[in-house]
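Visitor: have a look at this fold, sequence not included:
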Ligand SMILES: [Zn+2]
């Protein structure tokens, strides 16, 4: 999944979000619009700029909105622990195109895995609003999972081991395993010392980019699969 980085001019400082517990889904309530237009609308509301963290267009392109680690402006007093995703369109009166739905499912699955969360809500679940509309394919989007249903089990000498999510700062024998696999495939992880530092993160990102994975430097299900061929 590719996220299109977008440059916005912010009115004011964006506060960091301290927790990420859920994803809240919206529609733009406009049949056609761009993230830059939404940014202008939200500036006109007196906000710092686009209130959503992601914006999914009808053609399936996914744009970044507000930086992912900041507090959004999309769901009133539910902004403090949520990521806001908005879909171009007005789903009170139209159906979502297949490309947009597919991209939205990939984004939701990616965010669930990245933050280890499973709660997905409609805007109307938390505020008095008709957003995201009665034709919005909420069940499909909210239920999206990465292709593997459970953590992969790697066969090591006949013993199945569960592979945890690894990120910079992790220290374990499993980190050593990932480093050894990366090194063996030609991605210099700075040795196999069991400490997930900057060199390992950089090697993971290079490996992910070369394998069509989101290059976030986090070893999750998909990266484990690619790394170990399981
Ligand atoms: Zn909304």
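Guide: Great, that's in hand. Since the structure is predicted, the reported quantities are computational estimates derived from the model, not experimental observations.

Visitor: quote the end-to-end distance of stretch 80-99.
Guide: Between the opening and closing residues of stretch 80-99 there is a gap of 30 Å (Cα to Cα, to the nearest Å).

Visitor: and that stretch, anywhere near the ion?
Guide: No - judged by Cβ under 5 Å from the ion, stretch 80-99 makes no contact with the ion; its nearest approach is 7.1 Å. From N, CA and C alone the C-beta is placed, and that goes for glycine too.

Visitor: so for that stretch, what gets flagged as buried?
Guide: 82-91, 96 (16 or more other Cβ atoms under 10 Å).

Visitor: same deal with stretch 44-57?
Guide: 47-57.

Visitor: and those, which two are furthest apart?
Guide: 48 and 57 (22.2 Å; Cβ to Cβ).

Visitor: picking up where we left off before, now intersect the buried residues of stretch 80-99 with the strands, please.
Guide: Per DSSP state E, strands hold the following members of the buried residues of stretch 80-99: 82-87.

Visitor: got a markdown table for these, with pLDDT too?
Guide: Formatted as a markdown table, those follow (pLDDT from 0 to 100):
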| residue | pLDDT |
| --- | --- |
| 82 | 98 |
| 83 | 98 |
| 84 | 98 |
| 85 | 98 |
| 86 | 98 |
| 87 | 98 |
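
Visitor: name the nearest of these relative to residue 67.
Guide: The closest of those, once distances to residue 67 are taken by Cβ to Cβ, is residue 83, at 11.0 Å.

Visitor: and the residue nearest to residue 194 when sequence neighbours are not counted, its phi and psi?
Guide: Excluding the flanking residues, the one nearest residue 194 by Cβ to Cβ, 6 or more residues apart in numbering is residue 176, at 4.0 Å. As for residue 176, its main-chain torsions (degrees, to the nearest 10) stand at phi -60, psi -40.

Visitor: circling back: out of the ones in strands among the buried residues of stretch 80-99, which comes closest to the ion?
Guide: residue 86 (7.1 Å; Cβ to the ion).

Visitor: give me the pLDDT for residue 149.
Guide: Residue 149 is assigned a pLDDT of 42 by the prediction.

Visitor: the ion versus the nearest residue to residue 76 once chain neighbours are set aside, what's the distance?
Guide: Closest residue to residue 76 apart from its sequence neighbours, by Cβ to Cβ, 6+ apart: residue 127 at 5.2 Å. Per Cβ to the ion, to the nearest Å, residue 127 is found 8 Å from the ion.

Visitor: now swap in residue 206 and tell me
Guide: 38 Å.

Visitor: can you list the buried residues in the strand or helix carrying that residue?
Guide: Secondary structure assigned from DSSP states H and E places residue 206 in helix 198-210. The neighbour-count check on helix 198-210 (16+ other Cβ under 10 Å) flags 199-208 as buried.
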